[in-house]
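Predicted model and sequence below, questions to follow.
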Amino acid sequence: MSINRRKFLNRSILSSFALSLGIISCKDEKAKSTDVAEASLTNSAPKYPITIATWDNRGATEAAMKELLAGKRALDGVEAGAKIPEANPKDTSVGYGGFPDRDGNVTLDACIMDEKGNAGAVTFLQGIKHPISVARKVMEETPHVMLSGQGALDFAIAQGFKQEEMLTENAAKAWKKWLEKKEYQPKVNSERHDTIGILAIDQKGDISGACTTSGMAFKMHGRVGDSPIIGAGMYVDNEVGGAAATGLGEYVMTTLGSFLIVELMRQGMTPQEACEEAVKRIVKKYEDTGEPFQVGYIALNKQGDHGAYSIQKGFNYALYHKENEAFEADYFNKDKK
Ligand code: SD4
């Protein structure tokens, strides 16, 4: 067992213990959750249109809100939002400019889901700048939910998408540097994850969600993460709300985090409480599996109340209701510097 792993274990155990005794910020947390719950009970004024995205993706929430204010569907909003980081070469976790796998290939994963429960996804897609739009086409133009690899690429081209080089100079440089040591270590936050999961409620009160990523930097060739998996990287249910994930996908996939959060909200939890429970499940199940890792969740219920929570410090999110703002999320490992 490595020192780091032991430290993480100790911290996690101490944190859980302290939380269960109410020693650290449990009181504050409860107060916050109660406020949210009471607000949703007493304030029947709809808090939508609204949109929330993982990380400080205010460009994305801006683009989404533009669609919502124009009276478009939440689906149009989340697609427009997801396209912003997809096209940004500086965003090294999404679309164009995303860091490649260990063989130098940028492989992209995305999914989208609407208020009727329709869903579309692409995995291991190469050479297409907007996988989220291909995912939407899969949803709208095929009898399937998910297309992968060459099949997804053939479909995209048939739908009129342009094939382009996704590996930027900056990403190629980072890959060549990585090749010097070839160490695969999914970092906590030293290198930010920027995968975008975005949720929106439109003027009619309908919810949709989208999630798009280039996955973990320097992953094995062929690896697919949580982001394109409906229920893992993102999930919406128009009766309840939605959730989306970022971080180390392997643990989001094996706990079906976004679906779990929606189901916890269905059972009465606030979005904040549901995000916290989903994070705690991962910590409890996988705390002894290796180096410290990060997972962060956002959630939105149908009243427009939101929640966000992560394992480690450093996760933030963008929220646009009346104003477009970014917030630091609360997190589990409070005693970690
Ligand atoms: C994945 N969840 O492929 C993604 C990675 C991520 O910001 O969130 N990066 O596992």
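It's in. Numbers count the residues shown, from 1 in each chain.

Wait, A174 touches F99, no?
Yes: the pair A174 and F99 qualifies as a contact (C-beta atoms under 8 Å) at a distance of 5.8 Å. C-beta: built from backbone N, CA, C; applies to glycine.

So these two - more neighbours on which side?
F99 (22 against 17; other C-beta atoms under 10 Å).

Report the contact partners of the nearest residue to D109 once chain neighbours are set aside.
Closest residue to D109 apart from its sequence neighbours, by C-beta to C-beta, 6 or more residues apart in numbering: P228 at 3.9 Å. Applying C-beta atoms under 8 Å, 6 or more residues apart in numbering, we find P228 in contact with 109-111, 121-123, 135, 146, 211.

now do E62
E62 makes contact with 84, 320, 324, according to C-beta under 8 Å, 6+ apart.

Of those, which belong to helices?
Applying DSSP state H to these, the entries found in helices are I84.

quick one, helices of the stretch 101-250 of the chain?
Per DSSP state H, counting those that start in this stretch, the stretch 101-250 of the chain carries helices over the ranges 131-141, 149-158, 169-181, 249-253.

Can you lay out those as a markdown table showing mean pLDDT and distance to M220?
Below are the helices of the stretch 101-250 of the chain laid out as a markdown table (pLDDT from 0 to 100; distance: least, C-beta to C-beta, whole Å):
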| stretch | mean pLDDT | distance to M220 |
| --- | --- | --- |
| helix 131-141 | 98 | 19 |
| helix 149-158 | 98 | 14 |
| helix 169-181 | 94 | 13 |
| helix 249-253 | 96 | 12 |
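
got a markdown table for these, with distance to E263 too?
Formatted as a markdown table, the helices of the stretch 101-250 of the chain follow (distance: least, C-beta to C-beta, whole Å):
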| stretch | distance to E263 |
| --- | --- |
| helix 131-141 | 22 |
| helix 149-158 | 29 |
| helix 169-181 | 37 |
| helix 249-253 | 15 |
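
Can you check which of those helices gets nearest to the ligand?
Of all the helices of the stretch 101-250 of the chain, helix 249-253 sits nearest to the ligand, with 2.3 Å by C-beta to the nearest ligand atom.

which helices and strands does the closest one pack with?
Helix 249-253 sits against helix 271-286, with contacts defined as 3 or more C-beta pairs under 8 Å, 6 or more residues apart in numbering; DSSP states H and E.

Quick one: mean pLDDT over the helix it packs on.
Taken as a whole, helix 271-286 has a mean pLDDT of 96.

ok, it near the ligand or not?
No: applying C-beta under 6 Å from any ligand atom, one finds helix 271-286 separated from the ligand by no less than 12.4 Å.

Let the chain start at 42 from now.
Let's use 42 as the start, then, which means that last one is helix 312-327.

who touches that helix?
Residues from elsewhere that reach helix 312-327 (C-beta under 8 Å, 6+ apart): 53, 57, 70, 73-74, 77, 282, 284, 292-293, 295-296, 298, 301-303, 305-306, 310, 336, 338-342, 346-352, 371, 373.

cool, and stretch 270-278?
150, 152, 154-156, 158, 160, 162, 186, 236, 238, 240, 248-252, 254, 266-268, 283-286, 290, 293-294, 297-300, 302-303, 307.

Buried among these? Need that as a selection in ChimeraX.
Entered in ChimeraX, the line below selects the buried ones among those, by 16 or more other C-beta atoms under 10 Å:
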select :150,152,154,155,156,160,162,186,236,238,240,248,249,250,251,252,254,266,267,268,283,284,285,286,290,293,294,297,298,299,300,302,303
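
Could you pull up the residues touching the nearest residue in space to F196 that is not next to it in sequence?
Nearest non-adjacent residue to F196, counting by C-beta to C-beta, 6+ apart: L188, 5.4 Å away. The contact partners of L188, taken as C-beta under 8 Å, 6+ apart, are 162-164, 175, 179, 196.
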